[in-house]
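In: When you get a sec, could you give me coordinates for this:
(2 chains)
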Amino acid sequence: MSQKVRVRFAPSPTGGLHLGGVRTVLFNYLFAKKHSGDFIVRIEDTDQSRFVVGAETYIFDCLKWCGLTPDESVVHGGPYTPYRQSERKVIYRQYAEQLVKNGHAYYAFDTPAELEKMRELLKTKGSSSLQYDHHVRMSMNNSLRLLAEETQHLLDAGTPYVIRIKILPNDFIPFKDLIRGDINFDTNTVDDKVLLKADGMPTYHLAVVVDDFLMKITHAFRGEEWLPSAPVHILLWKHLFGLDVMPQWAHLPLILKPDGNGKLSKRDGDRLGFPVYAMDWSDPGTNEITKGFKEIGFLPEAFINLLAVLGWNDGTEQEIFSMEELIEKFNIEKVHKGGAKFDFEKAKWFNHEWIKKLAVAHYYQRVKNIFESNGIDITDENYLKKVMELVKERCTLLPDFYTQGSFFFRAPVSIDIAAIQPKWDDKKNLFFIELLKTWELSTLWDATDLEVSFREIAAANQLKTGELMLPLRIMLVGGKFGPGVFEIAGTIGKEATITRIEHTLSLIE
RNA sequence: GCCGCGUUGGUCAAGAGGUUAAGACGCCUCCCUUUCACGGAGGAAUCACGGGUUCGAGUCCCGUACGUGGUACCA
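Out: So this is what the prediction gives:
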């Protein structure tokens, strides 16, 4: 098959973009790009009751941040427009009617109350299945049981109805999943799913099949939760377009909660203190903001990287992959079958690695914004970059640059006097007074010169430099952290260094 | 309940019949660094369990347990 590879990501605009969603996009994207194919984003907004304003724009913002650019979509255009299912409503009905005509589907007039009654009845009868299927359909209110005239009469009267697929019992539906291999479904266990809803909208089942066909999708990768309904989709392909043009399937494993059991949800993130969404999501109904990976300080490179290796690896020891490497090395058949528990510690490790790996210019603007939102105006770009270079290896998340580097811009707010007080004595005090005198006269001001004079004075006073470096650090930084202390003094400059030493000295006395 | 899918250290995982069962995160010890971090050395798993098949099984088959998904006019 030399057909051009075409994949799609088909989100519903119902809220924040979940980790698992991004990974689904990513695997689709990687596969498409690896095979020089197209990546399509189709909005599946067929459930009007769940529609959320802003969710669609938000999804595209997330994709943009992640660097996963669609080739075709509602915003990028393309030859198969419209890419929003609500705007394709008329198309689906034609296919649904066609199925009815060919005997593969039927009209059903059952009201929700009647459906409820049916299930209750099945339950009391101790039936193993509560499904609307060949066991019960001939006792329901549908065009299979009704006479043709009766059906027509109901239709003419404008009675609400749905169109359901007619699943024939005692059959098997085999298909190949790129990740799971051969799978075989017994039609006795699949129900007569609704294809077209009473409001005229298609359900997911009809819409995916029709759109995947119309948009010439060659590979359909989606979450594992779709596996049980795969036989319905395959039957639809068979009846509508033929199995020979059906895309190849792959059902991706789920991302699970780190503790306990179950699928990772937004609530778990709130509970355990880490994000689950790609970017901040603000619920238009409640105005509640849910934190995103971007906003807590993740780099998109790291986010993509950690998602890619959650459920996939190339079989080597490599763990750090750029998007280019992922495109080159990705292989859908090496994706795991089992779900993976999400580990936020490891996620942070990826970010740390990417902060170290990337040039600071890559994320300079974001760090600058963090400093400015903390009240530090950045007037000298090179100075901030120098600071970033100095502290980057101790930063895991972008806001760490502020906590690790704010003292390069202003005197520490709190000084950990307790760390020097116990070992403080007159000799040390005199040392610092002498140091101040020397440094005040100093015309040169760089790390190595400062260290030399520092050591000379220490030696002259018969003091160990080690016992003096910690106090100096506390004076300049406020605490026991940061890069080399002379590096710091050299960077913040003569005036700041002297002021801070004097200040702390006055606190000790 | 029924149906599907899955199960290698706390977590992510390599492994496609014969290996001392990789590596990473986290944890612990040590080295480097008279801060913190980076970097380096080292420590901890018999592969869910029970049966098979085989000269030989983490790797193949069956069963059980556990987990997970579905069972909507939601996707």
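
In: centroid residue for chain A?
Out: Using C-alpha atoms, centre = their mean, the residue of chain A that lies closest to the mean C-alpha position is A:L19, 3.3 Å off.

In: Next up, the contacts around the residue nearest to A:P82 when sequence neighbours are not counted.
Out: Sequence neighbours aside, A:R88 is the residue nearest to A:P82 in space, at 6.0 Å (criterion: C-beta to C-beta, 6 or more residues apart in numbering). C-betas here are computed from N, CA, C, even on glycine. Taking C-beta atoms under 8 Å, 6 or more residues apart in numbering, we find A:R88 in contact with A:82, A:207, A:211.

In: Is the residue nearest to the centre of chain A in contact with A:A308, as I believe?
Out: No. Shown here, A:L19 and A:A308 do not form a contact pair, counting by C-beta atoms under 8 Å, at 12.0 Å.

In: what ranges do the strands span in chain A?
Out: Counting by DSSP state E, chain A has strands at residues A:6-9, A:38-41, A:105-108, A:162-165, A:172-177, A:181-186, A:194-196, A:219-223, A:248-252, A:255-256, A:281-282, A:289-290, A:340-341.

In: anything in the first one near RNA strand B?
Out: Pointing back at strand A:6-9 there. No. If you take C-beta under 7 Å from any atom of the strand as the test, strand A:6-9 misses RNA strand B, and the best it gets is 10.8 Å.

In: which secondary structure elements does that strand contact?
Out: Other elements packing on strand A:6-9 under the criterion 3 or more C-beta pairs under 8 Å, 6 or more residues apart in numbering; DSSP states H and E are helix A:19-34, strand A:38-41, strand A:219-223.

In: Which one of the ones you listed lies nearest to RNA strand B?
Out: Evaluated with C-beta to the nearest atom of the strand, the helices and strands packed on strand A:6-9 place strand A:219-223 nearest to RNA strand B, the distance being 7.6 Å.

In: Would you mind pulling the contact partners of the closest one?
Out: Applying C-beta under 8 Å, 6+ apart, the contact partners of strand A:219-223 are A:5-8, A:10, A:20, A:24, A:27-28, A:31, A:178, A:208, A:212, A:247-252, A:254, A:332.

In: again, only using 10 Å
Out: With contacts defined as C-beta atoms under 10 Å, 6 or more residues apart in numbering, strand A:219-223 is touched by A:5-10, A:20-21, A:23-25, A:27-32, A:35, A:37, A:178-179, A:208-209, A:212, A:226, A:230, A:233, A:246-255, A:263, A:332, A:335.

In: mind putting the strands of chain A in CSV, mean pLDDT and distance to A:F371 included?
Out: Supplementary listing: the strands of chain A in CSV, determined by pLDDT from 0 to 100; distance: least, C-beta to C-beta, whole Å:
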stretch, mean pLDDT, distance to A:F371
strand A:6-9, 98, 35
strand A:38-41, 98, 35
strand A:105-108, 97, 61
strand A:162-165, 98, 57
strand A:172-177, 92, 49
strand A:181-186, 90, 53
strand A:194-196, 97, 55
strand A:219-223, 97, 40
strand A:248-252, 96, 39
strand A:255-256, 94, 33
strand A:281-282, 96, 24
strand A:289-290, 94, 22
strand A:340-341, 92, 35
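
In: Could you dump the ones you listed into CSV with mean neighbour count added?
Out: Output for those, formatted as CSV (neighbours: other C-beta atoms under 10 Å):
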stretch, mean neighbour count
strand A:6-9, 25
strand A:38-41, 24
strand A:105-108, 24
strand A:162-165, 24
strand A:172-177, 14
strand A:181-186, 12
strand A:194-196, 24
strand A:219-223, 21
strand A:248-252, 21
strand A:255-256, 21
strand A:281-282, 19
strand A:289-290, 15
strand A:340-341, 14
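
In: Quick one: closest of the ones you listed to A:R271.
Out: When the strands of chain A are compared by C-beta to C-beta, strand A:289-290 sits nearest A:R271, at 12.5 Å.

In: For that closest one, which strands pair with it and how are they oriented?
Out: Paired strands of strand A:289-290, with direction, are strand A:281-282 (antiparallel) (DSSP bridges).
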